[in-house]
Every structure is written in C-alpha cells, then in structure tokens.
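**Q** Can you look at this prediction? I've put the sequence above it.
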Amino acid sequence: MSDILLEFEGLAKSFGGVRALDGLDMSVKRGEIIGLIGPNGSGKTTSFNVMTGVYSPTQGRVRFDGQDITGLSPRQVYEAGIARNFQRSRLCLPLSIFDNIMIGNHARVNNGLWFNLMNRRGLRRQVEDGYAKARDLVAGFSSNLADRMFDPVGALPMIERRRIEICRALVSSPKLLLLDEPSAGMTHDETAQLMDDILAVRDRMGDLSIIIIEHEMGVIERLTDHCVVLSYGKKISEGSYAQIAADTEVQTAYLGVD
Amino acid sequence: MKDNTTKTGWLGLPPLVVGLSAVVAVVIFGWQFLLAESELEVLGLVALAAVAGWAGGKTGLTGSLNEAMRGHGRAMNSAIMIGLLAVIGLLSEEHFPLLMLTTMLLYMTVALGLNVQFGLTGMVNFAGAAFFGIGAYTSAVLTTHTAVPPLLILIGGGLMAAAIGFLLIVPVVRTAGHYSAVVTIAFGVLFKTFLEVNDVLGGPQGLMVDSMKLFGWDFNDGPQLFGIEMSFYVNYALLGGGLAVLAFMLTQRLERSWLGLALDSVRLDETASACFGVNVVRAKVLAFTFGNILVGVAGALYGMMISFIAPNSFTFADSLLMVSIVLLGGLGSLWGTAVAAVIVVLLPEKLQILQEYRFLLFSGLVILMLLYRPQGLLPRTVRQFFPSWRPQR
C-alpha cells in the first residue's frame, strides 16, 4: 500500500475562456491534513468539484488509492472513499438529523425496491444499525445533539449544522474528507470549537486524510500538516504554514504588489 | 428509557380513545355528507367540518391523533378500514353517493401517486389525467377485445401508464430543474387531442368499457345480502377502497424507507445527493414509475366503473385538479392528500353551484394556500421509519 493517497497530475479545468484550474500537481499522504488556500477565484472549490466528479477535468488525471478516478461520476467517487462537505451548508433542512446523516450512508444500505417495501424486518435492522452509528458520531461532537436525532436540521444553529455535515461525510468511513470553508458563517468561538472537533475526529479515525479549504489563517495554522497555495488555477507555493506564510509570492498573490 | 403508555392527550383522554372516537365521528359525518340532498344541508356540514378542524387544531387534537397513529398504529388502521366498510354499508342502496365515494377513493389513489413524484421527489406531473386516461383506455381495449382477466387488466392499466411515462421521462431526468413539468404539460395537452383524432380509440365519442369481473362475478350486478338488493356500485366501492388502502400502505412504506429518504434528498439537493452516492436518475425514474402505476391502475378501474370513457374526461384541467389535491393536502403528506382528495372531489359534486367554477375555486384555494400555509392542510412531519420504534438513548 503506497503512502500517497491522492495525486493530481497536471489537472486543468476551463469554463469557456476561464482557466479555473491550470495544470495543478498535488499529492496527499495518508493521515495528513492539507490546507488548500489562495485568493477568491483561485480554483480551490473547483479542484474539489473536479476531484469528486461534479465537473470532469479538461486535462490531467486524478489518482486515488491506487485507482484512476478521473471523470468518474460523483457517486463512483464517493464509493471509492472520498466524502465532502460544501461551502454553503447543503443539508436537507426539513429532514431530521438522523435522515441527513443517513444520506451519507446511502451507498451502504440496501436500496432495492422489494427490500424497502416488503422486508420491514430487514429494514428495521438496518435502521437500528444506522441509528447506532449515527448517534455515536454525533455524540462524539455533542451529547446534547445526540438526544435530538429526530429534530429537523433547520432548527439548529450553524455550528451544529457544520457538525452534522461532517458526520454525514464520516458515516461512510471515507479515506479522504474534503472540507470546504468549514468556518464560514461562524463566530470566532464556534470556529475554535469546530477546530477541536476536527482534530478529535482525526485522532479517532486513524489514517483519515483531510483537505481543508479555509480563509481563516488561524485555522490553517493550527490544523494543517502541509499547505498548498493556489492563484489563478496554478500552484504558487507549498510547504508548512510557516514556510508559505514567509513566501513573498504568496504575499503578492494575496495582497498585490506595491 | 421506559415508554410511558398511559400518556393522556386531548381533553385528558388517552390517545387511542381520541383516535377511535375521531374515526367514528368521521364515519357518521361522511355518511351524512354523502346523503345530504339540499345545498343548505351540505353547507351546514361543511361549516361544521371547518369549525371542528379549526377547533381540533387549536386544542391539540391533531397531536393526540398523531400520538394514536404512532402508539396504536395497527388498531387505528383497522378502525379506519372498518370505518370505510361501514360507510359503504350504510350507503349500500344509494347509487350516486357510492359513485362519488368511489371516484373520490380513486382520485385519492391518483393523488398518492402524484405525491410520490411531486411531494417526495420534486417532479411535478401535469399529466395526471392523461396517465389516468391511459389506464382507462387500456381497460376499454382489453375488456372489449380480449379475454384477459379483469384483475390483470387493472395491473395492465398501471403498467401501460408507467411504460409511457417511462418513455416520456427518461430523456428528461438527466437534466436538473423543472423540465418534467414542461414535458408533462405538453403530454397532458396532446393526449386529449391525440384521442380525438384517433378513430381506432373511438375519436371524440370515446369507447365502451366492459365491467369488472372477478371469478365469474360481474361487478355490474348488485350483490344481495339477506335478501336486500344493493347498488352495484358497492362492488366498485369495495374494490376502490381496497385499492386506495393498498396505495396508501405502499406509499407510506416507500416514504418510511431508505428509498423515501433518497427521494427526499434528490428533491432538496440533487448535486449533494449525487456526492453521497445517491443514484439521482434511478431515484427519479423509480418515483415517476411508481406514481404512474398507481395513477394507471386507478384509471383502469374508473373506466370499468363508469363503463364509458371519452377524451373529455381526461383534460389538462383535470390534471391540474389532481395536482391541486397534492398541494392542498401538503407536499409529501399522505394524510393531507387523503383529506384534500375528499375536499376537491366531493365538494363540487355536492354543491352544484361550485361545479361550474371548481377550477376557479381550487386555483384560488391553491394560491391562498401557497401564500399563507405552504406546508398544506396537514403538514408532513419528520420521517419516522418505524413509528412505534423509540430508540434507546
């Protein structure tokens, strides 16, 4: 088993004349937390979308866990072991916490028509198993939340929603978790709590790798082992947080030239 | 945690007592309503129902009923089925009330199918009446030209509606958004025109449909019990009731399963669902086909019951009426659909003044509903996979 979990090779994606990703090379080791940063429009979210099959790349390859996943559908990528959250919270607000987390478990349950309509006993077993699993995950974040599994998600504050999104991504036991701006829309204290949560998740989940997009540099500094900086779809720097923070090219990309 | 089963509900009564009394009240009300002759009588009963519904909502009756359905599901379901039989029994000599009741039960079946498509999956089907008509025409052709057993013809009507719906929807489901609405509007409008110019299917005059026969028993002969001759509509009411109950059970099981969850997630966020492994195309095709089978089976039985069908019974306006049942009841709410079917089908039949203006009335009602109570008359509640299951903390 190779040490490298995910690898991009010259990944490019154009929308008409705009090159959102322009020959990106990048790799992620097992168990590593990578920070993906760069100014607005530098291609961070696009790289997530290409990775998860929402967009197919114009050029280049994505290799994951020894398998070429370029151009696979979002569903196939998910089954290969990549789970994500979204920049704007994309939970199903009218549905319960349990329902939302179970959407993440979709690939692991029996979705046959006959089973779902006629085998109520078998379904009940799967629902009970799913409940135990979901409740454990939620309880890892907040025991208060774990007692409200059948409340609609729309009634919860932002930090709880983020936690549920992370649970939804984790319930399928992925190998790679993609977090797109987890601190968006949260207060300073909530952000700090969520960071603790993410570190706790990593400790619990062994060799789970995480790629995190974030504008909050405090988060990047505290969480990541390694950072990649994008600008106009290209990688302009990489290294530890201290290294990239000192890089003049990165400073120019963010702050402009004198 | 030990479950507290002696919980008291509405007016301090145990939920089961409240639930069973409600069923009895509804049976008596339905019986009187269907028999009511004068407009004044009907208006009085409507006002009574409106006040009772409003007061019940204010005093926590709905919560108590929910509790009864959750805690005593089997008893309540049996009571409702016995109640339906009681209404049919009480009206057993009345042709017209039974015809109305059966039509209402068939529309309820249709609306449950549309609710799976629209309420759960978010695909509006504006061709409900067309698929209903496909079922009816299938039964017309098969009952008069073949010796296929009529029970199989019912299923055939459902399969025919599902197959045509499948051909219609497959090119559309890969696109996101409201294309299903556009395509079904076109189909709903074209269907009637197609029938009118098609001489093989009787043109504008329509077709005769032979009656339902079950093991040599012709449904158009009124059954006799203790020497009393009953209306032949009793047969259709019983079969229609059975169909509606079956449709309700299947729809409820679908909603309370992993598939129901997948349909919900497709409606709420297609991209996110796909990122979590939901097969969006399969979910949409499944929901559309499931719904159309119910619509088609109901249509086939409707044809056999009224024994004569013509293109004018399956217009686009009828399709809109079917969609308005779903909207009035509440998207995704099965009990809401049942209640709204009663209102939309029976009210104009009983109040002849409304008959002419029913499209105006219901479009106005739908607009008001969407403005002031978008969740519908009986809003859907959070999914309970197994209502009696209370997980361990």
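**A** Okay, I see it. Residues are numbered from 1 along each chain as shown, chains lettered A, B, ... in the order given.

**Q** and the residue in the stretch 101-250 of chain B positioned nearest to chain A, helix, strand or coil?
**A** Using Cβ to the nearest Cβ, B:Leu250 is the residue of the stretch 101-250 of chain B that sits closest to chain A, at 6.3 Å. Glycine gets a C-beta too; all of them are placed from N, C-alpha and C. Following DSSP: H, G, I helix; E, B strand; the rest coil, the label given to B:Leu250 is helix.

**Q** which residues of chain B fall in strands?
**A** B:207-208, B:213-214, B:217-218, B:224-225, B:228-229, B:308-309 (DSSP state E).

**Q** rewinding a little: tell me the pLDDT at the residue of the stretch 101-250 of chain B closest to chain A?
**A** B:Leu250 is assigned 96 on the pLDDT scale.

**Q** of all the strands of chain B, which lies closest to A:Lys133?
**A** Comparison of the strands of chain B against A:Lys133 by Cβ to Cβ identifies strand B:213-214 as nearest, at 48.1 Å.

**Q** Check which helices and strands that closest one sits against.
**A** On a contact count with 3 or more Cβ pairs under 8 Å, 6 or more residues apart in numbering or on different chains; DSSP states H and E, strand B:213-214 meets helix B:150-173.

**Q** List the buried residues of the helix it packs on.
**A** For helix B:150-173, burial by neighbour count (16 or more other Cβ atoms under 10 Å in any protein chain shown) applies to B:150, B:153-154, B:156-162, B:164-165, B:168-169, B:172-173.

**Q** low-confidence ranges in chain A?
**A** A:1, A:257-258 (pLDDT under 70).

**Q** so where's the longest helix in it?
**A** Criterion DSSP state H: the longest helix present in chain A is helix A:120-141.

**Q** what's that one packed up against?
**A** Here helix A:120-141 is seen to pack against helix A:97-104, helix A:113-118, helix A:143-146, helix A:158-170, helix A:188-204 when contacts are counted using 3+ Cβ pairs under 8 Å, 6+ apart.

**Q** Could you say which of the ones you listed is packed most deeply?
**A** Across the helices and strands packed on helix A:120-141, averaging neighbours per residue (mean count of other Cβ atoms under 10 Å in any protein chain shown) puts helix A:97-104 on top, at a mean of 26.

**Q** Give me the residues contacting that helix.
**A** Helix A:97-104 is contacted from outside by A:83, A:91-92, A:109, A:130-131, A:134, A:137-138, A:145, A:148-151, A:153, A:156, A:164, A:167-172, B:258, B:261-262, B:264-265, B:272-273, B:276, B:278, B:382-383, using Cβ atoms under 8 Å, 6 or more residues apart in numbering or on different chains.

**Q** Got a quick PyMOL command for the buried subset of those?
**A** Entered in PyMOL, the line below selects the buried ones among the contacts of helix A:97-104, by 16+ other Cβ under 10 Å:
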select buried, (chain A and resi 83+91+92+109+130+131+134+137+138+145+148+149+150+153+156+164+167+168+169+170+171+172) or (chain B and resi 258+261+262+264+265+272+273+276+278+383)
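
**Q** element containing A:Ala20?
**A** Following DSSP states H and E, one finds A:Ala20 within strand A:18-29.

**Q** Export the helix or strand following that strand to CSV, keeping only CA atoms.
**A** The helix or strand immediately downstream of strand A:18-29 is strand A:33-37, counting by DSSP H and E. Output of strand A:33-37 as CSV, limited to C-alpha atoms (Å, rounded to 0.1, in the frame of the first residue of the first chain):
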residue,chain,number,x,y,z
ILE,A,33,-4.3,17.3,6.9
ILE,A,34,-3.7,19.5,3.9
GLY,A,35,-4.6,23.2,3.8
LEU,A,36,-5.7,24.4,0.4
ILE,A,37,-5.6,28.2,0.3
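
**Q** excluding its backbone neighbours, what's nearest B:Gln355?
**A** Of all residues not flanking B:Gln355 in the chain, B:Pro348 sits nearest, at 4.8 Å (Cβ to Cβ, 6 or more residues apart in numbering or on different chains).

**Q** again, but for B:Leu61
**A** Excluding the flanking residues, the one nearest B:Leu61 by Cβ to Cβ, 6+ apart is B:Trp10, at 4.9 Å.

**Q** With B:Thr251 instead?
**A** Spatial nearest neighbour of B:Thr251, chain neighbours left out: B:Leu112 (4.7 Å); criterion: Cβ to Cβ, 6+ apart.

**Q** now B:Ile134
**A** B:Ala161 (4.5 Å).

**Q** Could you report the pLDDT at that neighbour?
**A** With respect to pLDDT, B:Ala161 scores 97.

**Q** quick one: it and B:Gly296 touch, right?
**A** Yes: counting by Cβ atoms under 8 Å, B:Ala161 touches B:Gly296, with 2.7 Å between them.

**Q** Quickly list what's touching both of the two.
**A** Residues touching both B:Ala161 and B:Gly296 (Cβ under 8 Å, 6+ apart): B:Phe131, B:Phe132, B:Ile134, B:Gly135, B:Thr138.

**Q** count of neighbours near the first one?
**A** When neighbours are defined as other Cβ atoms under 10 Å in any protein chain shown, B:Phe131 has 37 of them.
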